[in-house]
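Q: the sequence and its predicted three-dimensional model are supplied below.
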Amino acid sequence: MGMILRIASSRIVGQGDIVGRSGYFSLNLSANSVMRGRLDARRTLKSLVADLRVIKRNDWFYFALLTMCMFLGILTPNVSAQEMSKYADITGKVVDQYGNPVSDVTVTMKNSDFRVITGVDGVFKFQLKKGDILRLSHPGFLHKEVRVNKLKNTERVFKVTLDEQFVKDRQTFNGPYEKKDKDSFLGSSSTVYTDKLSSMMGTTILPALAGRLAGLNITQYRGARVHQTSANSTSGIIGNIPVFGEGFYSDNTEFNVGSRGIAPVVVIDGIQRELYSIDPDAIESVSIQKDALSSMFLGMRSSRGALVITTKEPIKQGFQLSFTGRFGVQSTLKTPNPLSAHQYAYLLNEALQNDGKEPFYTYDDFNKFRTQSSPYTHPNVNWFDEILNKTSTTQSYNLNVAGGNRFAQYFVSVGYMGEKGLFSNPTESDAHDTNLSFSRYMISSKVNINITDDFTAKVTLLGRVEDGNQPGVNYSNLLNGIYTTPNNAYPVKNPNGTWGGNVTFDNNLMSQAINSGYIMDTARDMAGGINLKYDFNKLVKGLSARLVGNISIQNRSYTERSKRAPVYSYSLDKEGNEAYTQYGTSDSQINKFYSVTSYQQMYGQFAVDYNRHFGLHGVKATLMGDTRNTLINYDLPQLPSNIIADVAYDYAKKYFVQAALSESYYNRYAPGKRWGTFYAFGLGWDISNENFMESADWLNQLKIRGVFGKTGNGIDNSGYYMYQQTFSHIGNAGYPLGTQMSYLGNVTTENAPLANPFLTWEKAYKWNLGIDLAMFNNRLKFTADYYNDKYFDLLQNRGKSIELIGQSYPMENIGKVRRFGGDLSITYQDRINDFNYYVSANWSCEQSKLLYMDEQEVPEEYLRQTGRPAGAIYGLVADGFFTTREEIERSPVIEGFENIQPGDIKYKDLNDDKVINEFDRTVIGGDKPYSYFGIDLGFEWRGLEFSMFWQGAYNRDLYLQDWTLLEGFQTNGRYYGQAYENMLGRWTPETAQTATFPRLTAGGNGYNRGNGWNSSFWLRSGNFIRLKNISLGYSLPDSFCNNYLGGLRLKIFVNGQNLFTKSACELVDPEVGFTSYPLQRCISTGINIRF
């Protein structure tokens, strides 16, 4: 029995759909198919027969298929009139909480692939029976399920109200190269949308992402923006894969970015490119995808996860304009507190006395430092306050324009970002600004063109102009000087206006800040791409093909206009006469310009996709080939290519199977070693769709999933000719020829590192098990994942050299590392009348174990790195301080340091040989499961929005290894360095029981450098929690905007970043290093205008 279903003001998506001239959608379906949506194999074939009658009556292939279907359909029983009577025609209307119709709502029936999409009036029609469950989903509203409890055999009209979804969650999200459906997704992924990120200011999206996504670890270890102009990156490595604690591939030198201990690959709109090439305001969503199945499309980088950035799309109809402006004031989050001049003088005298030397300062010096009665001979200059401004400014502006019609749609984003640094820049400085500063102009556009009903084209363009500026002395050198120069070293200026200084300090810090010229670092980027897609639905339903091409060009240049001014030492003789002695030199301005990096990438991709449902059977397949040509000016091209096949099957949205295979090619391996084969497969079971769960109205999803795969990684960072023996020239080394004993310079040639023709791909076996849970009409969502990854064939050097030829071993595929852990996220959101609220949290845990690394033979097991966590911290075990000379004499000897005194650090003799040396080193930190988390909460009430986001980490160890703060007064052996508050806890006979710092020393014979050995004494807890962001905004009511603003929508907001930090280590910021540019606190305000 068959029928024609006609749905007005709706769009229907099903098998064999046809759009008639009347504007109605007509679909031939068997009655049972329409009514029940639960088809067995025979009923599915019967439905297919009806479709084929409408679509392809004359095609011999379809005729043969039709004949087979009809033959099988003989066994299908007819639908009885009694069964028909169970169903009724349902007309529904979907509205929001204000009664406004909601379009583009997807309406499905549970355990069926049949679905309709509401039109502009929010109306849909269905044929249902009692007990059927409708599912309604829309990216802006909470998903909802409606059970049909009462039906009469007449057409009914009912209204469904959807609650606005404050935390956006879409049914589909973007993978590296294709869209993924959440219901059928088997891997591990976390996604955040731009509404949660847009309030934060920054040149990149990374600060806003820290703590937002389960499984994505971001540490900002430097606050300077000038480094974001880098066109390429460098990475610390274990094997060849960047790992946590050793540096991450993050396209810059400001952030560490990792996922499950490995650096993810950044993919922006399907192209692997630098993260800084995109304006944060143009981003629609960010997703981290962590499992083997999700990363298989990365080919040669499939061992690494994918950080997928998706930019905003054009709109299909009409015109939209959005302007966002922000202005912020920044201040330093945390710097160490230096001691005043008289405290410094007192402690230095104490240190000299501990070293058996005469005091340097007299009582009269102390008094003048304290009273500042002679500020030019006894200065007290806090260089942090003098050089660094209390505040600096930042601003950003963005204009988005979108529009479209049936033929073409477009989206254009234009943005500007500008930021001033913290260095002082008085009016007496050069005409050119010498402060640290950053500015960037960006433009990006997307144009979608419907060439025919089946043929579409997408064109993307983007450009970036970025300029960084810093003092000519280089900002990092200036910061180092601020941290190491004592407050009493010299005055900023002398009485006659010359720069203060002396024989030790011959380059005045303030002069460096404002009178050393400038350095400009610029970046210029352009990129363009085209994406062609052709649907072969008229030939084979569900078949399509796409062709992608993209080119990206980056250039970075460097301009130096630096100079130097002399300093003068001011003194008074006994008669009170002034004298000035010049130190340092007066260097003329340097004029240099050179290109630092030229980078070009060309990418091409061709793929065939198939996506179709046969009743309850869903099939999706992709066959893709891609190639990339990457050329950096100092290197030869990288030419990776991949052929990837992916097939997925689901039955009734209950059972899921997916498999993927990748054949990857990389030209940096020796011939015969350039191809690698990688694979992954996954299984899933959505228990909530089982018939026995139909009565569980409160349960929306309960899916169990698992993925296993073998992945690979190419040798990005390890050179081009590693499989060929190369040679290098040694300048001025020379060697004698014949009887002539003079050396001929610049002629020596020697072997470069030994070649290894057997190098091959680094690989990994990766497991992921997960569960997805949604309840109470998707108000509560929970996701948890456990992973266990074994990396092998990692590139490493053996632990010793080849004694026969005096060379180290070449790189070999010998390393093995296991990484395991888990992550979870939970979100609850609801509405009470007009009050919308949400609470969200995520947590991640990472552990690792070195399964094998070739290391030298060691006498004790605790000295071995194999079997320990990757990135563990090794050192001596501190055992308090020596308190008496007798204790020192009966304690083990500290090798190389004979002059031990009370107040020096005492170490444990782990092997009981009465000597403290490298054989007493063991793991002292970094061996606990490292965990990080984020907590997000907020509400919206009648246009008033508030959100608060916390980020933190625990089981995190910090090793305080900067001698600027820890070495006492000795600074590189050149002068007595700065003193900080931590030195007030130094050991003295009176404070022996409470001391937190070793005895003070000023260097020389009494100086025990052994106090500075790597040891647990300098280890601190890096646990912290930070109020990362807090935002308050207000949107004017729509009625007010319509009546008084001509339809403009207006929102004003204030935002605070890094407002509060609670850290177990109060000495420094838990993320930023001692002498790095400090992290900034930012208070900003902004406005958003939409039309």
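A: Thanks, I have it. Everything numeric here is computed off the predicted structure, so don't read it as measured data.

Q: please enumerate the helices of the stretch 501-650 of the chain.
A: Counting by DSSP state H, counting those that start in this stretch, the stretch 501-650 of the chain has helices at residues 509-514.

Q: I meant the stretch 851-1000 of the chain, not that one.
A: 885-889, 963-966.

Q: and those, which one is worst for confidence?
A: Ranked on mean pLDDT, the bottom entry among the helices of the stretch 851-1000 of the chain is helix 963-966, at a mean of 58.

Q: how is the protein partitioned into domains?
A: Here the domain parsing of the chain from automatic domain parsing is 2-161, 172-313.

Q: weakest of the ones you listed by average pLDDT?
A: domain 2-161 - the lowest mean pLDDT of these, at a mean of 57.

Q: report how many residues lie close to the spatially closest residue to V567 that is not a sequence neighbour.
A: The shortest distance from V567 to any non-neighbouring residue, by Cβ to Cβ, 6 or more residues apart in numbering, is to G501 (2.5 Å). C-beta: built from backbone N, CA, C; applies to glycine. Close neighbours of G501, defined as other Cβ atoms under 10 Å, add up to 26.

Q: also the one 4 residues further on?
A: Taking other Cβ under 10 Å as the criterion, the count of residues near F505 is 20.

Q: what's the answer for R301, then?
A: 26.

Q: same check, this time on the one 4 residues further on
A: The tally of other residues near G305 (other Cβ under 10 Å) stands at 27.

Q: now it: how far from T452?
A: When Cβ to Cβ, to the nearest Å is the yardstick, G305 and T452 sit 38 Å from each other.

Q: T310 now?
A: Distance from T310 to T452, by Cβ to Cβ: 26 Å.

Q: next one: I715
A: On the measure of Cβ to Cβ, I715 and T452 end up 45 Å apart.

Q: who has more neighbours, these two?
A: Neighbour totals were compared for I715 and T452, and I715 leads with 23 against 8 (other Cβ under 10 Å).

Q: show me the contacts for that one.
A: N240, Y666, R668, Y669, M722, L759, E762, L795 (Cβ atoms under 8 Å, 6 or more residues apart in numbering).

Q: for the nearest residue to the fifth one once chain neighbours are set aside, what are its contacts?
A: Excluding its sequence neighbours, the residue lying closest to M722 (Cβ to Cβ, 6+ apart) is L759, at 5.6 Å. In this structure, L759 makes contact with Y669, A670, K673, I715, M722, Y723, L795, M811, E812, N813, judged by Cβ under 8 Å, 6+ apart.

Q: now these in JSON lines, with distance to A645 and secondary structure?
A: Listed next are the contacts of L759 as JSON lines, based on distance: Cβ to Cβ, whole Å; DSSP: H, G, I helix; E, B strand; the rest coil:
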{"residue": "Y669", "distance to A645": "22", "secondary structure": "coil"}
{"residue": "A670", "distance to A645": "27", "secondary structure": "coil"}
{"residue": "K673", "distance to A645": "23", "secondary structure": "coil"}
{"residue": "I715", "distance to A645": "25", "secondary structure": "coil"}
{"residue": "M722", "distance to A645": "30", "secondary structure": "coil"}
{"residue": "Y723", "distance to A645": "29", "secondary structure": "coil"}
{"residue": "L795", "distance to A645": "28", "secondary structure": "strand"}
{"residue": "M811", "distance to A645": "32", "secondary structure": "coil"}
{"residue": "E812", "distance to A645": "32", "secondary structure": "strand"}
{"residue": "N813", "distance to A645": "26", "secondary structure": "strand"}
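
Q: for these, which one is nearest K357?
A: M811 (50.3 Å; Cβ to Cβ).

Q: in contact with that closest one, which residues?
A: Counted by Cβ under 8 Å, 6+ apart, M811 has contacts S718, M722, P753, N756, L759, L795, Q796, N797.
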